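K.L.:
structure of the sequence below:
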Amino acid sequence: MTAFVVDANVVFELINAPGATQHLVDDDVVAPSLLWPEVRSALRVARWRGLLSDEDSSEALRVLESGTIGERRHRKLGKEAWRIADLLGWSKTYDAEYLALAALLAVPIATFDHRVAGAAGRLGVALHAII
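P.N.:
Next comes the predicted model:
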């Protein structure tokens, strides 16, 4: 089993692509608690804008909350996310939470966000390829 941290943009795409969540089943996929409200919000926005049907958004929400992704906490997460945001000059800590968790657990991160991927390289956090 390969362990890695997954961020909200990857999860949003995977739970909306038929069969794509199989990429998450065979691995130890973890995320900070921030993931679930971020993805629920993105699903709600997509439904509200008419990009997802009620049925598709409900199914995606079911997959999100199925337990495939493990919520991982770390007592140093907040402090490390703050430090990373400072180091990278970011005004917010949301993306830094994913990077901080990957760094603290010494595991790769899966992201489709080029900014986060670049920051991972600067921090010495490996990238995990999903697709």
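K.L.:
after the helix or strand bottoming out on mean pLDDT in the chain, next one along is what?
P.N.:
Ranked by mean pLDDT, DSSP states H and E, the weakest helix or strand in the chain is helix 22-25, scoring a mean of 66. Sequence-wise, the next helix or strand downstream of helix 22-25 (DSSP states H and E) is strand 28-31.
K.L.:
what is the following helix or strand past that next one packed up against?
P.N.:
Sequence-wise, the next helix or strand downstream of strand 28-31 (DSSP H and E) is helix 35-48. Secondary-structure packing of helix 35-48 (3 or more CB pairs under 8 Å, 6 or more residues apart in numbering; DSSP states H and E): helix 8-15, helix 54-64. From N, CA and C alone the C-beta is placed, and that goes for glycine too.
K.L.:
tell me the most buried of those helices?
P.N.:
helix 8-15 (a mean of 23; mean count of other CB atoms under 10 Å).
K.L.:
and that helix with helix 35-48, angle?
P.N.:
Relative orientation of helix 8-15 and helix 35-48, computed by axes from the mean of the first three to the mean of the last three CA atoms, to 10 degrees: 60 degrees.
K.L.:
relative orientation of helix 8-15 and helix 54-64 in degrees?
P.N.:
120 degrees.
K.L.:
returning to what we had before: tell me which of the helices and strands packed on helix 35-48 lies nearest to residue 106.
P.N.:
For residue 106, the closest of the helices and strands packed on helix 35-48 is helix 8-15, at 19.5 Å, according to CB to CB.
K.L.:
C-alpha coordinates for that closest one, CSV please?
P.N.:
Extracted in CSV, the C-alpha atoms of helix 8-15 (Å, rounded to 0.1, in the frame of the first residue of the first chain):
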residue,chain,number,x,y,z
ALA,A,8,-9.3,18.9,-2.7
ASN,A,9,-8.8,19.5,-6.4
VAL,A,10,-7.8,15.9,-7.0
VAL,A,11,-10.6,14.5,-4.9
PHE,A,12,-13.2,16.7,-6.7
GLU,A,13,-12.1,15.4,-10.1
LEU,A,14,-11.9,11.8,-9.0
ILE,A,15,-15.3,11.6,-7.4
